[in-house]
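Enquirer: Build me a structure from this.
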Amino acid sequence: MTTGIGRRAFAEFLGSGLLVAVVIGSGVMAARLSPDVGIQLLANSVATAAALPVIITLVGPVSGAHLNPVVSLVDWLLGRRERTGLTAREVVAYLPAQVAGGIAGAVLANLMFALPPVTASTHVRAGLSLWLGEVVATAGLVALVVALARQGRAHLAPPLVGAYIGAAYWFTSSTSFANPAVTIARGFSDTFAGIAPASIPAFVVAQLLGALVGAVIAVALYPTPSRPPATDVRRDDRAHDVVVPHSS
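Expert: Down below sits the predicted model:
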């Protein structure tokens, strides 16, 4: 049984929105409860790492839970040779759904904490060290989800992606945005998790570069995808057996 592209796009919209709501909302709550920036980051990272497996499990069976434009683009790119993954039409549906969902999640988080629906962030995040952190964060995320897919172990994605993002908050200088849709959405909230609009383009470029690096690493490690036992499943269903999302 196939799932309509509209339903899959809605799943990406919903999942991306929930993810951003968690990232921004937990940041606001942490900042209100403690003046210690370390405790704020800890609360933000723990909430995101805990929520990711839940969100992936919720929407994964419908859309694959990409929740991230670079994951969708890599899935499409690597699938050209093997005739798997997203089609170009699906990519065109997924990417705007992810961005729109992220923005909706930012608005929701702002409203939940009695803030204006939209406030442009003033949190400048710029510099070679932060951009390098984004390359590393995104490369690790993409390498993980592609490797799991090529190993035939995509069912492990929910806990492992959550664990990776929770750790990447701390070992990358950028605190691991690793997701263009989430990055754009965080520009709509002048809170702990926000990013100034002027800082967004460089972050997105770093994320695209990191996605390419991550894909190369995964394919170098696993040149041939693991083939599951033959089943009577149509291509549209196989395309979404790989559950792969975000970041923070």
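
Enquirer: drop to CA atoms for contacts and neighbour counts, all remaining ones
Expert: OK.

Enquirer: From residue 52, how far out is residue 110?
Expert: For residue 110, the distance to residue 52 equals 20 Å [Cα to Cα, to the nearest Å].

Enquirer: More neighbours: these two, which one.
Expert: Set side by side, residue 110 and residue 52 show more neighbours around residue 52, with 29 against 23, by other Cα atoms under 10 Å.

Enquirer: and the residue nearest to residue 146 when sequence neighbours are not counted, what does it touch?
Expert: Spatially, and ignoring its direct neighbours in sequence, residue 146 is nearest to residue 218 (6.1 Å; Cα to Cα, 6 or more residues apart in numbering). By Cα atoms under 8 Å, 6 or more residues apart in numbering, residue 218 lies in contact with 143-144, 146-147.

Enquirer: Next, residue 218: phi, psi?
Expert: Torsion angles at residue 218 (phi, psi; degrees, to the nearest 10) stand at phi -60, psi -40.

Enquirer: and what of the one 3 residues further on?
Expert: Main-chain torsions, residue 221, degrees, to the nearest 10: phi -80, psi -40.

Enquirer: how far out from the middle of the chain is the helix ranked longest in the chain?
Expert: Using DSSP state H, we find that the single longest helix of the chain is helix 5-33. Using Cα atoms, centre = their mean, to the nearest Å, the distance from the centre of helix 5-33 to the centre of the chain it belongs to is 10 Å.

Enquirer: elements contacting whatever helix or strand comes next after it?
Expert: Later in the chain than helix 5-33, the nearest helix or strand by DSSP states H and E is helix 37-63. Counting contacts by 3 or more Cα pairs under 8 Å, 6 or more residues apart in numbering; DSSP states H and E, helix 37-63 is packed against helix 5-33, helix 157-171.

Enquirer: Hmm, residue 166 is touching residue 51, no?
Expert: No: contact criterion Cα atoms under 8 Å: residue 166 and residue 51 do not qualify, at 10.3 Å.

Enquirer: what's around residue 198, how many residues?
Expert: 15.

Enquirer: and what of residue 73?
Expert: Applying other Cα under 10 Å, we find 23 other residues in the vicinity of residue 73.

Enquirer: do the same with the one 3 residues further on
Expert: Residue 76 has 20 neighbouring residues, counting by other Cα under 10 Å.

Enquirer: backbone phi and psi for the closest residue in space to it that isn't next to it in sequence, please?
Expert: Take residue 76 and drop its neighbours on the chain: the residue closest to it by Cα to Cα, 6+ apart is residue 86, 4.8 Å away. Main-chain dihedrals, residue 86, degrees, to the nearest 10: phi -70, psi 150.

Enquirer: Residue 86 and residue 131, how far apart?
Expert: Counting by Cα to Cα - residue 86 and residue 131 are separated by 28 Å.

Enquirer: do the same with residue 106
Expert: Taking Cα to Cα, one finds residue 106 at 23 Å from residue 131.

Enquirer: Also residue 41?
Expert: 19 Å.

Enquirer: and if you look at residue 9?
Expert: Distance from residue 9 to residue 131, by Cα to Cα: 29 Å.

Enquirer: what's the answer for residue 55, then?
Expert: Distance from residue 55 to residue 131, by Cα to Cα: 27 Å.

Enquirer: State the distance from residue 126 to residue 193.
Expert: 15 Å.

Enquirer: Please apply the same query to residue 144.
Expert: Noted for residue 144: a distance of 24 Å to residue 193, by Cα to Cα.

Enquirer: Residue ranges in this structure under the pLDDT threshold?
Expert: Applying pLDDT under 70 to the chain picks out residues 1-2, 227-248.

Enquirer: The nearest residue to residue 169 once chain neighbours are set aside: helix or strand, and which one exactly?
Expert: If the residues on either side of it in the chain are set aside, residue 169 comes closest to residue 175, at 4.1 Å by Cα to Cα, 6+ apart. Residue 175 is part of no helix or strand when elements are defined by DSSP H and E.
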